[in-house]
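Q: predicted coordinates and the sequence they were generated for:
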Amino acid sequence: MSWADIVFERLKANQLKVVCYVPDSVLAPLIARAEADPFFTMVPLTREEEGVGVLTGAYLGGWRGVLMMQVSGLGNSVNALASLAIPYQIPFLMLISQRGELGEFNPAQIAMGRAARPVLDALDIQHFTLRRVDEVATLMDGAVKTAYTARRPVALFLSTEMVGWKEEK
Amino acid sequence: MRDKGPINRLEATQHLVSRAPQALVVAGPGNAKFDLAATGDRPQHFYIWNSLGLAPSVGLGLALAQPQQQVIVLDGDGGTLMNPGALVTMARLAPPNLLHIVWDNGQYQLTGGQPTATATVTDLAAMGRGAGLQHVTTVTTLREFEAGLETWLTEPGPWLVVAKIDDSPAPARPPKDPVWIKLRFMETVNR
C-alpha cells in the first residue's frame, strides 16, 4: 500500500470524519479518495485558519476531524491555534505537506518550511514526521490517540523523503 | 422606536434568544458575545474570547455535526471583514440549519470606534451573495429584525442577515474560562 492508502485507511479507522483542507499536490490523491467516500464530510477552505474554526465547531457537535494543508497553511493558522484550539482544548489531527526541506526548488517555500516545527514547539503542539511508509499507520494512530488524550491538536508532517519532492518547472 | 433604525444590538439579541431558546448560539469576539451574555448566561452559548473572524467557521462545523439543531452565529462587521472566506465556505457547504447574523455598525467599536469599510464602501450582504449564499438580507429596524426572524428560523438556510445597529456599549461580560464554556456547551449539545 502507498502512504496515501494507509493514511486514508487510518483516517477512517480513527473516525476522523470531517476533512478540512486547502489543496496541495502531495495531498491531492488523498483528497480525491476521501471525496469519493461518503463516510467523510469534505470542507474545502479558502484559508487554513478557517479549518481550525470548523473543526472546533465539529468537535463541539461530537465529530472528529483532520486539517490537511501545505506547511504555508500552518503559518496562516497560528493565531487560530493559539487563541481557539489551545485555550478551549480542541483536539484534531493536522496533516501537513512539507515544503522547504529536501529537494525544494522554490526560494519562497524555505522560511515557512523551516519555521514550522519551532512555531509548533512554541505553541507546545506535538508534532511527528512521516519518513517511511512502514511507519505511517503507527504514527497516524498514535498521533490521533495523543491528540484526543491531550485535547490538543497534534501535527504530522509528510516528509519529501517519503512523498517525493515537487518537480521544478 | 421599533420602526426607526438603527437597531439596538442588545434588544435584538434579547428578542432572538427568547424567540429561539433552544438554539445553539456561537458568539464572536467583542460586543456580539458581550450582549449575548447580557441576555443571561446559558449553557447553549459558546463565547469566543479571541479569534476574530472565526465565529462563522465554528458555527459551520457545529451546524454540519448537529443537523437537527438550529445554530445561530452572532458576529460583527469587523469579524466578517477579517475572514470573508468564511462566507464562501458557508455557501459551498450550505447547512440549512445555520443562521448567521452580522451586527454591522461600521466601526471597530471596542478599540475606539475606528471606521470599518462598511461605513463607507463595503456591503457585507453583497459580499455574501457574491460568495454564493442564496438567503441574504439586510435589516435596519428592530421591527424588520423581529419579523425576519420568523422566516430565518423556519425556512431552510443558511441565512446571512446583516443587521444595521447603533453603537450602544455592551457592558456585560460572559464567563472567561474557555474550557468551562466548552464543556458546559458540549454537555448541552450532546444531551
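A: Noted; the coordinates are in hand. Residues are numbered from 1 along each chain as shown, chains lettered A, B, ... in the order given.

Q: B:E187 should be in a strand, yeah?
A: No. B:E187 is assigned helix when assessed by DSSP: H, G, I helix; E, B strand; the rest coil, not a strand.

Q: tell me, how many neighbours does it end up with?
A: 10 (other Cβ atoms under 10 Å in any protein chain shown). Placement of C-beta: from N, CA and C, glycine included.

Q: might you report the residue contacts of the nearest residue to A:E48 once chain neighbours are set aside?
A: Nearest residue to A:E48, sequence neighbours excluded (Cβ to Cβ, 6 or more residues apart in numbering or on different chains): A:G73, at 3.4 Å. If you count contacts by Cβ atoms under 8 Å, 6 or more residues apart in numbering or on different chains, A:G73 has them with A:22, A:47-48, A:96.

Q: right, and the helix or strand after the helix or strand hosting A:G73?
A: According to DSSP states H and E, A:G73 maps onto helix A:71-76. Sequence order places helix A:78-80 as the next helix or strand after helix A:71-76, per DSSP H and E.

Q: the next helix or strand after that following helix - what's its average pLDDT?
A: Heading C-terminal from helix A:78-80, the first helix or strand you meet, by DSSP H and E, is strand A:93-97. Strand A:93-97 shows a mean pLDDT of 98.

Q: residues making contact with the helix or strand following strand A:93-97?
A: Next along the chain after strand A:93-97, taking DSSP H and E as the criterion, comes helix A:110-122. With contact meaning Cβ under 8 Å, 6+ apart, helix A:110-122 is reached by A:71-72, A:74-75, A:78, A:96, A:98-101, A:104, A:126-127, A:155, A:157.

Q: how about 7 Å then?
A: With contact meaning Cβ atoms under 7 Å, 6 or more residues apart in numbering or on different chains, helix A:110-122 is reached by A:71-72, A:74-75, A:78, A:98-101, A:104, A:127, A:155.

Q: among the contacts of A:G73, which ones are in helices?
A: Among the contacts of A:G73, the ones falling in helices (DSSP state H) are A:E48.

Q: so which of the contacts of A:G73 wins on neighbours?
A: The contacts of A:G73, ranked by neighbours (other Cβ under 10 Å): first place A:I96, 28 neighbours.

Q: show me what that residue is bridged to.
A: With DSSP bridges applied, A:I96 shows beta-bridge pairing to A:M69, A:F157.

Q: now it: how far from chain B?
A: A:I96 sits 19 Å away from chain B, taking Cβ to the nearest Cβ, to the nearest Å as the criterion.

Q: do I have it right that A:L95 meets A:L156?
A: Yes. If you go by Cβ atoms under 7 Å, A:L95 and A:L156 touch, sitting 5.5 Å apart.

Q: strands of chain B, residue ranges please.
A: In chain B, the segments counted as strands under DSSP state E are B:24-27, B:45-47, B:71-76, B:98-104, B:107-108, B:114-115, B:135-139, B:159-164.

Q: skipping adjacent residues, who's closest to A:R152 in space?
A: Distances taken as Cβ to Cβ, 6+ apart place A:P91 nearest to A:R152, at 6.0 Å, with adjacent residues excluded.

Q: over to B:W152?
A: B:W159 (4.5 Å).

Q: now do the contacts for the nearest residue to A:I90 once chain neighbours are set aside.
A: Using Cβ to Cβ, 6+ apart and skipping residues adjacent in sequence, the residue nearest A:I90 is A:T56, 4.8 Å away. By Cβ under 7 Å, 6+ apart, the contact list for A:T56 reads A:84-85, A:88, A:90, B:58, B:61.

Q: which residues of chain B lie near chain A?
A: B:46, B:50-51, B:54, B:57-62, B:64-66, B:83, B:85-86, B:88-89, B:92-93, B:178-179, B:182, B:185-186, B:189-190 (Cβ under 7 Å from any Cβ of the partner chain).
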